[in-house]
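# here is my input, please return the structure:
(chains A and B)
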Amino acid sequence: MDLAYTEEEEAFRARLRSWLAEVLPKLPPPPAATDWPGRRAHDAAWQRMLHDAGYAGLHWPADAGGQGATPTQHLIFLEEAERAGAPYVGANFVGLLHAGPTIAAEGTAAQRARWLPPILRGEEIWCQGFSEPDAGSDLAALRTRAVRDGDDYVVTGSKIWTSHAEVADWCELLVRTDPEAPRHRGISWLAMPMDAPGVTVRPLRTLAGSTEFAELFLDEVRIPVGNRVGAEDDGWRVTMVTLSYERGTAFVGEVVACRRLLAELARTARADGRWDDPVLRRRLGRLNAEFAALWRLTQWNVSEAQGAGGVPGAGGSVFKLRYSHARQELYDAAAEVLGGRALDADHPWVAGRLSALAYTIAAGTSQIQRNIVAERILGLPKGR
Amino acid sequence: MDFQLTADQRALRDGTRELLARRFGRDRLRAAVDAPALDRGLWRELADAGFFALRLPEADGGVGLGLPEAVLVFEEAGRALLPGPLVAGQLLAGAVDGVATGERIVALCDGATDPALWEHPADCDALIFLDGDAPAHAARAYRSAPADVARAPFASVDPLTPLARVTGPACTVPQPGLDVPRLRREAALLTAAQQLGSAARTVEMAVAYARQRTQFGAPIGSFQAVKHLCAGMLVRAELARAAVYAAAVTEDALDVVGAKLLADEAAVRNARDCLQVYGGMGFTWEADVHLHLKRAWLRAEWWGGAREAEERLADALAG
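Residues are numbered from 1 along each chain as shown, chains lettered A, B, ... in the order given. Coordinates of the predicted model:
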């Protein structure tokens, strides 16, 4: 058990830190949350800077154009980027964390050459077309049909909860290619150009008032067969291979940010004369232990992945369960600190409180995560 | 950074688990419930295995290992519900003659807690009392012969841990060579390690029971209501594990406080959920679940309870 970083890791951190200090002041201020073209341009510019400095696709294998960094170096990157106030991965999330790694792992040489470099340079944005109105937690119930017609698939159906759909160039799409096969077979993975005829994007407004994601309506969209990654009907496996990457390090920066917010809550409570309230003090004290431990659990999981050749273990589900709940607790505590000001929708903590509500639902609800933990880690029997 | 057990650490953990399974299995545990006097033969065997001398330098007859290794060993003790003043044995091995070798059994009593409780009073050859009136940084340790300690009977909630209440300050002979703040910190950490072991053990017990117990024609572990209880138990144990192991590495006072808070919660809440999964059987004396719960309650009170921990963690935030 060693929490000390190696000399090499510290050198990586120092280099990164001085680069961040040099470039971040040159970055234009972030655009308004509602300005999607502006957000895309901002995220793309940041990705380009990362690329030019040799930090793009840090955790991707070198033969996919990545840096082949260790999980620990990736952890250090995310930690330092958050500390320095660097932009989040933003619109590049799906490309860098899921579609890209999937293509890197399962794509042909030609597919890798076509799609990976533009992701790393921030030139092409990807979105995810997995969930459907009737296939959420039960993703394998998806019904969007792809029928082979010559060199194309003709795709009809609808997708939902697609983040960044409005600005995406490509969609990683799960479709049913064999409706007769058992549910988990008969699914294929396609790269769909978002400007193809028959694609309609309808933004969905979240309870926070923002349009973070959209519904996709697909009406006889023609997608070349050559855009299929992996074998026909093997899309479920192709997708699951890389889904765990999404959970491995996705929240590193956020845990750092949560710890900073927690300290801010305590200072605000004290400045407002609320520090004589033992219930509030103890609530914040408990959250301090909670987030400190979540950081240690992150380091534990990253070390485990490093030992396993970069593959995150099932510990990601354990982490996500606890973290998503803790994040909601943190913002509820923020509301207690704010008192009546917690009704001001313009307060950043209130916006945070609203967006935190998605955490126990997105990327696998807490109930689905508990099933995963119970069945895959604890070995309890499948059932209802 | 490599925050995982080394091969040596895994071997130490496995070896300790085997030793305890062999020498303190379920029959011995249940016998101890009926007759909780400590088994001095077992105590010396634990000493021979390095239980107490683990961190003493090899030149002094110790094993020369560190706090992380001690934590792994105490986690196993917690799993097995091994009774006795184990924390005192580990912390006083270099300071009180005969402790490292298991020839003498010595308990620690923290005068800062109310009531000040003394575990296994009838088995002890000496009591080390930590003065609770002085400020924490200036607190000192005193040593007394058991017969000299003013005490009152105390009906322990834990059948495996007989207790007496120390009624007067046992501050007769100063015990030199002890850094009391450090002693308290390490006692809290080793106690948290035992809580972690208990929390992990009750997950296993609940899962094993849920796989085997059938109702409505199916193992109850196939029902999501039960499955989700078990998953929640694992999450608590694993978060506590990360906190306890990290505190063992950093030895930071605040890390220890946070780790104990989470380990206490994991041990108590997991025992409660295990009891729930066991259903009516969980409420019986024969099932071991109550032994985990009662010991977890006891340990949660010692070396810093939830209120004190949360206040310290809050102060550090507002600092």
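# which non-adjacent residue is nearest the residue in chain A positioned nearest to chain B?
The nearest approach of chain A to chain B comes at A:Gly383, 2.8 Å away (CB to the nearest CB). Every residue, glycine included, has its C-beta placed from N, CA and C. Nearest non-adjacent residue to A:Gly383, counting by CB to CB, 6 or more residues apart in numbering or on different chains: B:Ser222, 2.8 Å away.
# circling back to that earlier point, and the residue of chain A closest to chain B, how far from A:Pro29?
Going from A:Gly383 to A:Pro29 by CB to CB, to the nearest Å gives 52 Å.
# ok, B:Gly168 next?
Applying CB to CB to B:Gly168 and A:Pro29 gives a distance of 68 Å.
# wasn't B:Asp27 part of a strand?
No. Secondary structure of B:Asp27 (DSSP: H, G, I helix; E, B strand; the rest coil): helix, not part of a strand.
# and the pLDDT at it?
Listed pLDDT for B:Asp27 reads 96.
# now do A:Thr249
73.
# okay, the residue of chain A closest to chain B: pLDDT?
A:Gly383 is assigned 83 on the pLDDT scale.
# what are the contacting residues of stretch A:250-259?
A:75, A:78-79, A:81-83, A:88, A:97, A:291-292, A:294-295, A:298, A:319-320, A:323, A:326-327, A:330, A:363 (CB atoms under 8 Å, 6 or more residues apart in numbering or on different chains).
# for it, what is the distance to the chain centroid?
With CA atoms, centre = their mean, to the nearest Å as the basis, stretch A:250-259 stands 12 Å off its chain's centre.
# before we move on, what about stretch A:376-384?
So, by CA atoms, centre = their mean, the centroid of stretch A:376-384 is 26 Å from its chain's centroid.
# pull out the buried positions in that stretch.
A:377-378, A:380 (16 or more other CB atoms under 10 Å in any protein chain shown).
# where does the stretch 251-384 of chain A have low pLDDT?
For the stretch 251-384 of chain A, the stretches with pLDDT under 70 are A:310-313, A:384.
# quick one: end-to-end distance for stretch B:91-109.
Start to finish, the residues bounding stretch B:91-109 are 13 Å apart (CA to CA, to the nearest Å).
# if you could redo that for stretch B:76-89, that was the one I meant.
For stretch B:76-89, the first-to-last residue distance is 16 Å (CA to CA).
# count the neighbours of the residue nearest to A:Gly383 for me.
When neighbours are counted by other CB atoms under 10 Å in any protein chain shown, B:Ser222 registers 19.
# how close does it sit to A:Gly315?
24 Å.
# can you map out the helices along chain A?
Remark: helices assigned in chain A by DSSP state H are A:7-23, A:36-52, A:71-83, A:93-94, A:100-106, A:109-120, A:235-248, A:252-271, A:278-307, A:315-338, A:348-356, A:366-372.
# so what's the gap between the second one and the chain middle?
Using CA atoms, centre = their mean, the mean C-alpha position of helix A:36-52 is found 17 Å from that of the whole chain.
# in it, what's buried?
With burial defined by 16+ other CB under 10 Å, the residues of helix A:36-52 counted as buried are A:36, A:39-44, A:46-47, A:49-51.
# likewise for the first one?
Going by neighbour count (16+ other CB under 10 Å), the buried part of helix A:7-23 is A:9, A:12-13, A:16, A:19-20, A:23.
# near chain B, which of those show up?
Restricting the buried residues of helix A:7-23 to those near chain B by CB under 8 Å from any CB of the partner chain leaves A:Glu9.
# and the end-to-end length of stretch A:135-144?
End residues of stretch A:135-144 are separated by 10 Å (CA to CA).
# ok so, going back, the buried residues of stretch A:376-384 into TSV, with extra columns for distance to chain B?
Listed next are these as TSV, based on distance: CB to the nearest CB, whole Å:
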residue	distance to chain B
A:Ile377	6
A:Leu378	5
A:Leu380	4
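# which residue does the stretch 201-319 of chain B have closest to chain A?
As assessed by CB to the nearest CB, chain A sits closest to B:Ser222 within the stretch 201-319 of chain B, at 2.8 Å.
# so that residue sits right up against A:Pro381, yeah?
Yes. If you go by CB atoms under 8 Å, B:Ser222 and A:Pro381 touch, sitting 4.3 Å apart.
# residue 115: how many residues sit nearby?
Assuming you mean chain A. Neighbours of A:Trp115 under the rule other CB under 10 Å: 23.
# sorry, I should have been clearer: chain B.
Neighbours around B:Pro115, by other CB under 10 Å: 13.
# now the one 10 residues further on
Here the count is done by other CB under 10 Å, and B:Asp125 has 14 residues near it.
# distance check, it against chain A.
Distance, B:Asp125 to chain A, by CB to the nearest CB, to the nearest Å: 34 Å.
# for that residue, give me phi and psi.
With angles defined as degrees, to the nearest 10, B:Asp125 sits at phi -90, psi -20.
# for the nearest residue to it once chain neighbours are set aside, which residues are in contact?
Excluding its sequence neighbours, the residue lying closest to B:Asp125 (CB to CB, 6+ apart) is B:Arg104, at 4.3 Å. Going by CB under 8 Å, 6+ apart, B:Arg104 touches B:96-98, B:125-126.
# for the residue lying closest to A:Val147 once chain neighbours are set aside, list each beta-bridge partner.
Excluding the flanking residues, the one nearest A:Val147 by CB to CB, 6+ apart is A:Val154, at 5.0 Å. Counting by DSSP bridges, A:Val154 forms beta bridges with A:Val147, A:Arg222.
# give me the neighbour count for A:Val154.
A:Val154 is surrounded by 17 other residues when neighbours are defined as other CB under 10 Å.
# same deal with B:Ala126?
Neighbourhood size, B:Ala126 [other CB under 10 Å]: 23.
# next: the one 3 residues further on.
B:Phe129 sits with 26 neighbouring residues when counted by other CB under 10 Å.
# elements contacting the strand or helix carrying it?
For B:Phe129, the host element (DSSP states H and E) is strand B:126-130. For strand B:126-130, the elements it packs on are strand B:106-110, strand B:141-144, helix B:180-212, judged by 3 or more CB pairs under 8 Å, 6 or more residues apart in numbering or on different chains; DSSP states H and E.
# reformat those into a markdown table and put distance to chain A and mean pLDDT next to each item.
A markdown table is the format used below for these (distance: least, CB to the nearest CB, whole Å; pLDDT from 0 to 100):
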| stretch | distance to chain A | mean pLDDT |
| --- | --- | --- |
| strand B:106-110 | 21 | 95 |
| strand B:141-144 | 28 | 93 |
| helix B:180-212 | 5 | 97 |
